[in-house]
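In: Just a sequence and a predicted model for now, questions to come.
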Protein chains: 2
Amino acid sequence: MNNIIWIVPILGIVGLIIMAVKSSWVNKQDAGDSGMNELAGYIAKGAMAFLKAEWRVMFYFVLIAGILLAYSGTLVETSSPVIAISFVIGAFFSAFAGWIGMNIATKANVRTTQAAKTSLAKALKVSFSGGTVMGLGVAGLAVFGMGILFIFFYNMYVIQTGGDVNGLEMITALEVLAGFSLGAESIALFARVGGGIYTKAADVGADLVGKVEAGIPEDDPRNPATIADNVGDNVGDVAGMGADLFGSYVATILASMVLGREIVSADQFGGIAPVLLPMIIAGIGLIFSIVGTLFVRISKETDSVQKALNLGNWSSIIFTGIAAYFLVAYMLPETMVIREYAFTSMDVFWAILTGLIVGALMSIITEYYTAMGKKPVLSIVKQSSTGAATNIIAGLAVGMQSTVLPILVLATGIVVSYTFAGLYGVAIAAAGMMATTAMQLAIDAFGPIADNAGGIAEMSGLPDEVRGRTDNLDAVGNTTAAAGKGFAIASAALTALALFAAFVGISGIDSIDIYKAPVLAALFIGGMIPYIFSSLAIAAVGRAAMDMVQEVRRQFKELPGIMEGTTKPEYEKCVDISTKASIREMILPGAIALIVPILVGFGFKGVFEDTSSAEILGGLLAGVTVSGVLMGIFQNNAGGAWDNAKKSFEKGVLINGKMEFKGSEPHKASVTGDTVGDPFKDTSGPSMNILIKLMSIVALVIAPHIAVKDHAIQADDLKQEAKELVVDDQGFVKGEK
Amino acid sequence: MNNIIWIVPILGIVGLIIMAVKSSWVNKQDAGDSGMNELAGYIAKGAMAFLKAEWRVMFYFVLIAGILLAYSGTLVETSSPVIAISFVIGAFFSAFAGWIGMNIATKANVRTTQAAKTSLAKALKVSFSGGTVMGLGVAGLAVFGMGILFIFFYNMYVIQTGGDVNGLEMITALEVLAGFSLGAESIALFARVGGGIYTKAADVGADLVGKVEAGIPEDDPRNPATIADNVGDNVGDVAGMGADLFGSYVATILASMVLGREIVSADQFGGIAPVLLPMIIAGIGLIFSIVGTLFVRISKETDSVQKALNLGNWSSIIFTGIAAYFLVAYMLPETMVIREYAFTSMDVFWAILTGLIVGALMSIITEYYTAMGKKPVLSIVKQSSTGAATNIIAGLAVGMQSTVLPILVLATGIVVSYTFAGLYGVAIAAAGMMATTAMQLAIDAFGPIADNAGGIAEMSGLPDEVRGRTDNLDAVGNTTAAAGKGFAIASAALTALALFAAFVGISGIDSIDIYKAPVLAALFIGGMIPYIFSSLAIAAVGRAAMDMVQEVRRQFKELPGIMEGTTKPEYEKCVDISTKASIREMILPGAIALIVPILVGFGFKGVFEDTSSAEILGGLLAGVTVSGVLMGIFQNNAGGAWDNAKKSFEKGVLINGKMEFKGSEPHKASVTGDTVGDPFKDTSGPSMNILIKLMSIVALVIAPHIAVKDHAIQADDLKQEAKELVVDDQGFVKGEK
């Protein structure tokens, strides 16, 4: 193996070192007075309490799943018990990345508040540095982990056995590596679904009693649930989003590598250039994300924060795109073939570019459908004038309508990237889109830090000027949050598709024919799963919020000093309720995502004469992916649009020739819409990402067990193909004979 | 051809004669006093106004589409310009069936009110007779139309040319017959989508001003929109449902015939027994529906109306099942083969039985999720205690959850019927389920007649005793409406699948491989279409209701005599608004359903080397069907559950230990939920049926134009196959060599 592979873990370490530097800088910033620190302390403690509770359950889950995986690894030739170790490392890395993000976010929030006393530029610097730490932590750990494990497994299974880089041995190396991805995605389930339930249970519960019953403002320290609410922002938006993208990032790289294995490539890297490429692109993307962060700065109070973020984002995307060009030209042979589909190295570059464009477009479209002042949100604002019912009908209509453009973009992206480079093109497009994950996450995590900073400013009663600066950052954070959700669902969709393609390869089937009745039935059942998953997640928020309401009511009743400000509320009890509810309520939906593919894969093995269980599972995955992406976009955007329709009333809106403000009847209707949208946009909507990826990665992991063709035969086929192909001594592949 | 085929149109005529007898009986009933007649007259006039406006647009649509069809019929060997005539007849028959239903419904309503003065038994007899006229009209016209046209086309294309019953000539005969189905389904689009917009625009508009602003009760004659509201019940629930089931009925028969053509059958009917069977089952089902109606009667005031309806329904289903057994045994050869799938005649019987069971289960499940006093509705009732937002969240969760069982039933039904008799099994199961359409429709149409009767009793200020009887019927009608929607979506799903299978046959593709990128992309786009369709339908209701609100406000303002009861409101202006809005607003969604399959089918012809446009269109149809069925069930059931959650407050419900009644805060929250649910359950939800069927039938009609294999070659293949198969002189097919 060429030494170029070592560049991957090294780039990962570079990312982690810069993360450490940034992190220590944030820590050194002034954390403000003791009152602010007390509040920040509660939030940090609550966040840690959630993480610890999560880790406890995760520990048992990882233990049991690890044992099962180790056992299953002994059953087939192309796996190994080592997959369990890979799985544990993946889970640990993902959990560690979550801890990094939560830790920095709960430090950066109060320091941002303090910095806002000085200037907007300083506040942006602190909050964005916090976000950057999160982004680099996630991407650094992912790149380092994938890189070092691949080197290890490649040496162990291929080099040391003298195995074939296109054959059986390489399948084993990649299959064992898939454990890392499964571990990461399992943790994402806990963080995203559990976190989503946590944040909304706290939010809805705090609002229902605090704002509605007790009549105290949001973020009032007298509300016992307010700390849980602020913790929720970190749990859902920082740890949840981080784990989600960590999972997508790792899975797209893995899927591209699995498909790259099928390419018989005459290159200078021992024939594994198509396998190495996805990892190296990720490493390069990480570096250019760091470069991009340098552009995120403002000098004057009146400078646009949004523009600074856009500049950083676009420069990292453009640099990565340019670097990909040279990388592809340097690494790949001029022509390659995957499953009888011939393409050139430049085709691969164009596929990567397609992925970058799809990601950018998805963010832009999402922003349009959820932004204040744009037509969709205005239509909801207008329909608020006839009450909550019409507001909600309008929001549902906007959410449904908002699926059109993203699906067209996605469908076009699939076809275009496939046309360029076959299934490898689809996977590498996804990897290209994910290359700047570090930057995306830095921008995403900046939002909740700014939001928390605003909350602390409010709770500490800081002057209007300071609050104005945190509000400015918070407003930008809301926009980036919407765009980030668009990016996250697009990444999940492409990841699931890439995994789907990899699954087909490993399972040895060569088509998924929905004209076969069992496959069609599986497509229906797959399409239904996002509905039941959403239903469970939404109902869970309802139940948990009810628990929260009762606890807050109890505290107000038993501790009358709270309202007078003489007694501290028992914040930790509310934190505890949200924590326990989130862990309890995520078990059933999580189990569905994990168990259904296993049931279908093994349960229908050999049941139908002409339809393998792998093909049926393929139909199921397609159903889940299509329906899950649609439900995700619908719910995210409806929720985001309702939220901003409500926010529109803060500055006043013109309805039927009359200015309406906060407190008006239309505003009250919009508050109802926002509450309906809360579990949509922060719980069930984002959970769709995890659902579709997790089911696909589980399918990929069990693929060797349900393979229809013996892998030795498969490998022989490929070797035979290789012999037929590598006739040209200049390394040109002309396609098959 | 054996003369048995003549039995089909004859059974159709028998149905129509009995319809005429029933209709004349209803007409002869006492129509009450002049006040009642005046109101009934307004409703009848409004209903006719809608039909006429609809017909005007339909006329141009049918004209243009007919010309295009006639032209397209000249382009390929396996079609003919005659398809345009078939299309026009289908459209005319469907429109005529709609007129029959509307006409009888607007007569039966007032006569039911009058009969309710005497006894519940009499009122049931009149209202159910009205429903029976509708059911027999639809089924009679469908059976007669299909039967007589098939005889005609079979003679024309097969007998007179001496053509092959499995070959090219039979394809042409069935392709031309498909025009009838396309015509019927096109009219269903107008009736169901247009009608759905009509009814909810009137309902929401009447409620928003009447109940909320003016504070007058529902069905108060002073409300200018009240007549439009009552017309809406007939337009949506009678004409819409009738046209929907007419379309399903015809399409399932057609699809089974198309698939039956592929069976090389050594039978006593010139080898076309599998083609004839679906039509004869429909005819038999019609007769046993008539028999079933005889069981729908009560003698005492305390007898259960629901039980009487159930008895009628189940007896018609069971008789039809038994008859199917003998029919199959008599008509079909012992063994047959379709696309290399061998099955026996008894397998066909089991497939039919599977269809009957699927239909019954779907109705039962739907009832559970939307019935008062059951867990789903109670969960919504309970969550109403914390306001409209939690009520709506609960309703959305119930709607999503309610997709699980129906999809499992449907998926199992697909696999089981396929296992019995291949794709012919899937289609014949659908045909079996639809066999008792006449009975289903009689029960469905009885609901809105009873609802209208109650409205007339209310508006005429009749005594409580009378109102009590109509309320009793109305309550049963609400339950049957929910079950009917479950049946309708199940029938649409199976119809679409049967058409899908038929499409694959005619287009000559032999698989739809979603592992090919363009097919997968089409699956995504197909899945998105129900979202945009729903969005448009929902938004249309919002807009039209706004128009209605303004008109009612104007009348109240300009005609102050209305509120004092001295001036008659201008009912016809409101009827006009609903009519115009419904016609205008259905054009865009209708166009999507009609044009997208044509664009995909022709637009991608020859674009991808290894993926035909027919295969891409197949992927699109699968996406539309899966997503459309899910959205349909979700929206219907969420809407039905919200409605009954609201109705639960009328008798009082226990929430957190306290009885809550109409007018309480939780009740107000439930009213908001019901308003949100209105367009779900009466507009966009039921429209999904039309969407998925119409796109499939359009695909089937264009299939010969985008066929990948020349039909002459296809026919030769089949003849060759036939030669290889019919070796056994006892008529046994042993499978292929």
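Out: Received it, and whenever you're ready, just let me know what you need. Numbering: from 1, shown residues only, chains lettered A, B, ... in the order given.
In: Determine the longest helix present in chain A.
Out: When chain A is parsed with DSSP state H, its longest helix is helix A:464-507.
In: how distant is it from the center of its chain?
Out: 6 Å (Cα atoms, centre = their mean, to the nearest Å).
In: next structured bit after that helix?
Out: Next in sequence after helix A:464-507, counting helices and strands by DSSP states H and E, comes helix A:517-558.
In: Could you find the closest non-adjacent residue to A:Val698?
Out: A:Pro597 (4.5 Å; Cβ to Cβ, 6 or more residues apart in numbering or on different chains). Every residue, glycine included, has its C-beta placed from N, CA and C.
In: ok so A:Met336 is a strand residue?
Out: Yes - remark: A:Met336 belongs to a strand, assigned using DSSP: H, G, I helix; E, B strand; the rest coil.
In: Count the residues that sit near A:Gly355.
Out: Number of residues near A:Gly355 (other Cβ atoms under 10 Å in any protein chain shown) recorded here: 31.
In: Surely it is in contact with A:Ala431?
Out: Yes - with contact defined as Cβ atoms under 8 Å, A:Gly355 reaches A:Ala431; the gap is 7.0 Å.
In: which ones are touching the nearest residue to A:Val76 once chain neighbours are set aside?
Out: In space, and not counting its chain neighbours, A:Val76 is closest to A:Pro704: 4.6 Å by Cβ to Cβ, 6+ apart. Counting by Cβ atoms under 8 Å, 6 or more residues apart in numbering or on different chains, A:Pro704 touches A:Val76, A:Glu77, A:Thr78, A:Ser79, A:Ile171, A:Glu175, A:Ile506, A:Ser507, A:His711.
In: Next, count neighbours for the closest residue to chain B within the stretch 601-737 of chain A.
Out: Closest contact between the stretch 601-737 of chain A and chain B, by Cβ to the nearest Cβ, is at A:Thr675 (3.6 Å). A:Thr675 has 27 neighbours, counted by other Cβ under 10 Å.
In: Is it correct that it is in contact with B:Thr386?
Out: No - A:Thr675 is beyond contact range of B:Thr386, at 9.6 Å (criterion: Cβ under 8 Å).
In: who touches both of the two?
Out: Counting by Cβ under 8 Å, 6+ apart, nothing touches both A:Thr675 and B:Thr386.
In: how about the residues of the stretch 351-500 of chain A near chain B?
Out: Proximity of the stretch 351-500 of chain A to chain B (Cβ under 8 Å from any Cβ of the partner chain) is limited to residues A:383, A:386-390, A:392-394, A:396-398, A:400-401, A:403-404, A:407-408, A:410-412, A:414-415, A:418-419, A:423, A:426, A:497.
In: Narrow these to those in helices?
Out: Per DSSP H, the subset of these in helices is A:383, A:388-390, A:392-394, A:396-398, A:400-401, A:404, A:407-408, A:410-412, A:414-415, A:418-419, A:423, A:426, A:497.
In: buried sites along stretch A:584-597?
Out: A:Glu585, A:Met586, A:Ile587, A:Pro589, A:Gly590, A:Ile592, A:Ala593, A:Leu594, A:Val596, A:Pro597 (16 or more other Cβ atoms under 10 Å in any protein chain shown).
In: can you list contacts of stretch A:577-596?
Out: A:49-50, A:53-54, A:57, A:186, A:189-190, A:193-195, A:197-198, A:201-202, A:205, A:228, A:231-232, A:235, A:529, A:532-533, A:536-537, A:540, A:543-544, A:547-548, A:551, A:620, A:687, A:690-691, A:694-695, A:698.
In: Please state the offset of it from the chain centre?
Out: Using Cα atoms, centre = their mean, the offset of stretch A:577-596 from its chain centre is 18 Å.
In: do the same with stretch A:111-127
Out: 27 Å.
In: So what touches it?
Out: With contact meaning Cβ under 8 Å, 6+ apart, stretch A:111-127 is reached by A:26, A:29-32, A:36, A:108-109, A:130, A:296-301, A:303, A:305, A:308, A:446, A:449-450, A:452-454, A:456-457, A:460, A:462, A:466, A:469-470, A:472-473.
In: Tell me the spacing between A:Val250 and chain B.
Out: To chain B, A:Val250 is 23 Å away according to Cβ to the nearest Cβ, to the nearest Å.
In: what's downstream of whichever strand or helix holds that residue, the next helix or strand?
Out: Here A:Val250 sits within helix A:241-261, counting by DSSP H and E. Remark: after helix A:241-261, the chain's next helix or strand is helix A:273-293, criterion DSSP H and E.
In: and that next one with helix A:464-507, angle?
Out: 180 degrees (axes from the mean of the first three to the mean of the last three Cα atoms, to 10 degrees).
In: helix/strand/coil for A:Asn223?
Out: Three-state call for A:Asn223 (three-state DSSP): coil.
In: How is the residue nearest to it when sequence neighbours are not counted classified with respect to secondary structure?
Out: Using Cβ to Cβ, 6+ apart and skipping the chain neighbours, the partner closest in space to A:Asn223 is A:Gly210 (4.0 Å). Under three-state DSSP, the three-state class of A:Gly210 is helix.
In: got the contact list for A:Gly210?
Out: A:Gly210 is in contact with A:Ile216, A:Glu218, A:Asp220, A:Asn223, A:Ala225, A:Thr226, A:Val552, counting by Cβ under 8 Å, 6+ apart.
In: tally of neighbours for the third one?
Out: Here the count is done by other Cβ under 10 Å, and A:Asp220 has 16 residues near it.
In: how about it, secondary structure?
Out: coil.
In: wait, what's in contact with it?
Out: A:Gly210, A:Thr226, A:Glu458, A:Met459.
In: Recalculate using a threshold of 7 Å.
Out: Applying Cβ atoms under 7 Å, 6 or more residues apart in numbering or on different chains to A:Asp220 gives the contacts A:Gly210, A:Thr226.
In: Can you give me the distance of it to chain B?
Out: A:Asp220 sits 20 Å away from chain B, taking Cβ to the nearest Cβ as the criterion.
In: So A:Thr419 versus A:Ala581, what's the distance?
Out: 47 Å (Cβ to Cβ, to the nearest Å).
In: Of those two, give the one with the bigger neighbour count.
Out: Counted by other Cβ under 10 Å, A:Thr419 and A:Ala581 do not tie: A:Ala581 has more neighbours, with 24 against 20.
In: so after the one helix or strand the more buried one maps to, what's the next helix or strand?
Out: In this assignment (DSSP H and E), A:Ala581 forms part of helix A:571-585. With elements assigned by DSSP H and E, the helix or strand that comes after helix A:571-585 is helix A:587-603.
In: Now do the strands in the stretch 601-737 of chain A.
Out: A:653-655, A:658-660 (DSSP state E, counting those that start in this stretch).
In: related to what we said a few turns ago, now for the contacts of A:Gly210, which sits with the most neighbours around it?
Out: When neighbours are counted by other Cβ under 10 Å, A:Ala225 leads the contacts of A:Gly210 with 31 neighbours.
In: got a list of what it touches?
Out: The contact partners of A:Ala225, taken as Cβ under 7 Å, 6+ apart, are A:Ala202, A:Gly205, A:Ala206, A:Gly210, A:Met548, A:Val552, A:Cys574.
In: any idea which of the residues you listed is the one closest to chain B?
Out: Nearest to chain B among those, with distances taken as Cβ to the nearest Cβ, is A:Gly205, at 10.4 Å.
In: Right, I'll leave it there.
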